[in-house]
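> fold the following for me, if possible:
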Amino acid sequence: MTQGDKDSSRPKPRDPRADPRKAPGAEAADLVAEVLKDAAERDQAQRRRVESPISRTRQKVVAVSLPLAGAFSFYLWFGNPSWVTPTVPDPVTAEAAESGLRVGMYFQAQKIENFRRETGRLPDSLEELGAAPPEMSYQRINAQTYQLVGQSRGVTLTFNSDQAIQQFVGDAMDRLGIGQNR
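Modelled structure (predicted):
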């Protein structure tokens, strides 16, 4: 017999950690059983998570909301709704600018006349009446008369206090839709 044959016939020493009551190879079977048990527990836990009511609700919300969001995006992109697209107001016509300026000058003349009634004199400047409109200038000609000059959108108008204010305003209030007939 050779040396190798002697070694194979001799019983192998047992692992000191091995349980003496178990047959050789039983530890491997136990380890495989433990791994299979752990895998089964993990699989059950995964199934519980997938089958939970929260998960099903979330799936339903996603299943409904994604197509709705897509349809809404499609509508916004190709439908071009008016509430999304900013609109530029129509430009003010020269006639409307002139009418607006005449009405503004009328109200300013009314303020000047009220000041004259209350104080017995004309104001030195429009600031004396309060906030002065930037498009109007005021000049006191003498103790009794004044001149208002208004400029707006390329239109310049002059009102002298010795002319009738109603004649100056004309039908401007009606054209703007603020006249007494409206």
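
> alpha carbons only for contacts and neighbour counts from here, please
Noted.

> show me the contacts for the residue nearest the centre of the chain.
With the centre of the chain defined as its mean C-alpha position, the nearest residue by C-alpha atoms, centre = their mean is Val84, 11.3 Å away. Counting by C-alpha atoms under 8 Å, 6 or more residues apart in numbering, Val84 touches Leu76.

> report the separation between it and Ser152.
As defined by C-alpha to C-alpha, to the nearest Å, Val84 lies at a distance of 32 Å from Ser152.

> this protein: helices as residue ranges?
3-9, 26-50, 53-74, 94-119, 165-169, 172-176 (DSSP state H).

> which one of those helices lies closest to Ala143?
The closest of those to Ala143 is helix 94-119. By C-alpha to C-alpha, the value is 10.2 Å.

> quick one: mean pLDDT over that closest one.
Taken as a whole, helix 94-119 has an average pLDDT of 88.

> now swap in stretch 122-134 and tell me
According to the model, stretch 122-134 has a mean pLDDT of 85.

> quick one: end-to-end distance for it.
20 Å.

> buried stuff in that stretch?
Within stretch 122-134, the residues that count as buried by 16 or more other C-alpha atoms under 10 Å are 122-123, 126.

> Gln139: which of the helices of the chain is closest?
helix 94-119 (11.5 Å).

> now do the closest one: which elements does it pack against?
Packed against helix 94-119 by the contact rule (3 or more C-alpha pairs under 8 Å, 6 or more residues apart in numbering; DSSP states H and E) you find strand 146-152, strand 155-160, helix 165-169, helix 172-176.
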